[in-house]
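1. generate coordinates for the sequence data below:
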Amino acid sequence: MKQSTVINNVKGYTYLNSGELIEFSSIVFENGKVVATGANLLKSYPDAQVIDGQGKTMLPGLVDGHGHFLGLGFNLLQVDVRDISSKQKTAFKVAQYAKQNPELNWIKGRGWNQVLWPSKKFPTAKDLDEYVVDRPVVLSRVDGHAVWLNSKAMALAGITRNTISPDGGEIVKDSTGEPTGILIDNAENLVWEKVPKQTDDERLAAFNKVNQHLLSLGITSVHDAGIDHDSYHFLQDQVKADNFKVRVYGMLAATDPKLVDMLKHGYINDVNDMLSIRSVKIYGDGALGSRGAAMLSPYHDDPKNTGLLLTKPERLRTLFKTIFDYDFQINIHAIGDRANRIALDEFEFAFNSRPKAQTLRNRIEHAQVINLDDIPRFKTLNVLPSMQPTHATSDKNMAQDRIGKERLKGAYAWQTFLKQGSKVIAGSDFPVELANPFFGLHAAVTRQGRDNQPESGWIKEESLTIEQAFKAFTLDAAYGGHQDKILGGLEQGKWADFILIDQDIFNIDVKDIWKTNVIETWVAGKKQH
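-> Reported below is the predicted structural model:
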């Protein structure tokens, strides 16, 4: 006999697939799926196991529409140099980490951001050499679009004054022509080729770490933006071993040489919907902070620079055709207005000969700075903007310097997208940003940092209501992964993925949304945190 469970006495909120936001005080689930939500459901299920929700707020498990699943796991195992106020303090933290981990042949870390430092300038290899010289150091910028090396790492990568920057990348050199230790975008490959590949044990440790971390934050499903061939097989092995705790909707990395082999295998899905792979992530341009985002006109603070295209337009055309030949969804990274226009142009070109591809819920990942003429094209082409609210609050101190006030009118334009009828898929882009979805909800509603700055909110007219933001992190994010029939809400037939939290985010001062703590996280009717 099926064992039903009723959780009574909750303050529940969920969107229904009809688009209606409902409240409930009682939920019933069995075999991992929701049977009903409503009030006093115990009368109808007298034999059910009963749990008292003690008046806590219940939400569907939150969906992060754009993260880097194993990337965050590895990050949690490396030196974290996020939010440090100078290059010296950053290098000192790296030195401490190196001392504590003498067994590591390479010192890896992530999170530096020169915009937070007094000089606002890129650091150099010499800055790291003062602290670590015996082992190679490679530190990713917070956005992942630049790395900072010490001299040992530069030597191992074979980078000299004669090394030419690759297409779509830059080896930053000083006024005398010497490499400084900063590699941007595709130039990063020069060093990553020399870094030993992760072992299976390291990959499993990262996998277990990220599962637990996300559960503690109330995230029950992640769209993983860029899976290489090794990860493709590793994740399938973890499904077979029943190791998944958080659901993953995976995007194959278009840069992987074995992309076509993976496409030939068709969609990947398991009976418990823990792993779904039916999309491809294409890399359009770089990021704004490192001036790698591809712009239609030069950077406001660098008049000779229009950014970088990581995938040339002619290669894009071939990729679009190949991916659509296998009916996979295309999710293309585009941050600058030029990259966004090129992406929309390529979608339009592909749909002319293949109209069916327009139904695949294709996406532009980030959709960050867009020419005002191009925003309506998202709707007409049925392309979904997949956007990360905390990017706006992280970039607010830098974006106007980079692109000037005029271009900000089409930047981080969440409300404009909603008004024209586009669904916005919300996420965090962890580990670029912190994974906590309540930080994202807070940023979406207030357009402020967690320090309540700027006072009236940054470009406040583009902020969302808490209801809109909640939908973007639940039902609409699930829609962006073709999973709105099974995830993103607590209605009959969907998986019983839900969280209990310590405050009612719909009825508090919006400045406190980010302070929300997750008390319990349930996936498929099982308590996992």
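2. just so I have it, where are all the helices in the stretch 1-150 of the chain?
-> Assigned by DSSP state H, counting those that start in this stretch, the helices in the stretch 1-150 of the chain fall at 69-75, 87-100, 125-129.
3. deepest of those helices, which one?
-> helix 69-75 (a mean of 23; mean count of other Cβ atoms under 10 Å). In short, each C-beta sits where N, CA and C put it, glycine included.
4. pull the distance from that helix to the chain's centre.
-> Averaging C-alpha coordinates over helix 69-75 and over its chain gives two centres that are 11 Å apart (Cα atoms, centre = their mean, to the nearest Å).
5. average model confidence for that helix?
-> Mean per-residue pLDDT for helix 69-75: 92.
6. just list what that helix packs against, helices and strands only.
-> Judged by 3 or more Cβ pairs under 8 Å, 6 or more residues apart in numbering; DSSP states H and E, the packing partners of helix 69-75 are helix 200-216, strand 219-227.
7. figure out which of the helices of the stretch 1-150 of the chain is closest to residue 505.
-> When the helices of the stretch 1-150 of the chain are ranked by proximity to residue 505, the top entry is helix 69-75, at 23.5 Å, counting by Cβ to Cβ.
8. quick one: contacts of that closest one?
-> By Cβ atoms under 8 Å, 6 or more residues apart in numbering, the list of residues contacting helix 69-75 from outside reads 108, 110, 144, 198, 202-203, 205-210, 213-214, 222, 224, 231, 234, 248, 430-431, 435.
9. nearest to residue 367, of the helices and strands packed on helix 69-75?
-> Once Cβ to Cβ is applied to these, the stretch that comes out nearest is strand 219-227, at 13.4 Å.
10. for the helix or strand following that closest one, buried residues please.
-> Downstream of strand 219-227, the next assigned helix or strand under DSSP states H and E is helix 229-240. Under the neighbour-count criterion of 16 or more other Cβ atoms under 10 Å, helix 229-240 has 231, 232, 234, 235, 236, 238, 239 buried.
11. the fourth one contacts residue 250, doesn't it?
-> Yes - under the criterion of Cβ atoms under 8 Å, residue 235 lies in contact with residue 250, with a separation of 6.6 Å.
12. for the nearest residue to residue 487 once chain neighbours are set aside, grab phi and psi.
-> With sequence-adjacent residues excluded and distances taken as Cβ to Cβ, 6 or more residues apart in numbering, residue 487 is closest to residue 478, at 4.2 Å. Residue 478 has phi and psi values of phi -60, psi -40 when expressed as degrees, to the nearest 10.
13. now for residue 478: which residues touch it?
-> Neighbour list for residue 478: 63, 221, 484, 486, 487, 488, 489 [criterion: Cβ under 8 Å, 6+ apart].
14. quick one: contacts for the first one?
-> Meaning residue 63. Residue 63 makes contact with 219-223, 427, 473-474, 477-478, 481, 487-488, according to Cβ under 8 Å, 6+ apart.
15. mind running it again at 6 Å?
-> Taking Cβ atoms under 6 Å, 6 or more residues apart in numbering, we find residue 63 in contact with 221, 477, 478.
16. and if you look at the fourth one?
-> If you count contacts by Cβ under 6 Å, 6+ apart, residue 486 has them with 273, 494, 495.
17. burial count for the first one?
-> Residues lying near residue 273 (other Cβ atoms under 10 Å) number 18.
18. that one: what secondary structure?
-> Residue 273 carries the three-state label coil when classified by DSSP: H, G, I helix; E, B strand; the rest coil.
19. excluding its backbone neighbours, what's nearest it?
-> With Cβ to Cβ, 6+ apart as the measure, residue 486 is the residue that lies nearest to residue 273, at 5.8 Å, once sequence neighbours are left out.
20. separation between the one you found and residue 7?
-> The gap separating residue 486 from residue 7 is 20 Å, by Cβ to Cβ, to the nearest Å.
21. do residue 261 as well
-> Going from residue 261 to residue 7 by Cβ to Cβ gives 45 Å.
22. who has more neighbours, the two?
-> Under the neighbour definition other Cβ under 10 Å, residue 261 and residue 7 were set side by side, and residue 7 has more, 27 against 11.
23. state the mean pLDDT of stretch 390-397.
-> If you average the pLDDT values across stretch 390-397, you get 94.
24. who's in contact with that stretch?
-> 412, 428, 433, 439, 440, 443, 449, 458.
25. which pair of those spans the longest distance?
-> By the measure Cβ to Cβ, 428 and 458 form the most distant pair in the contacts of stretch 390-397, at 17.8 Å.
26. picking up where we left off before, so what pLDDT did the residue nearest to residue 273 get?
-> In the prediction, the pLDDT value recorded for residue 486 is 98.
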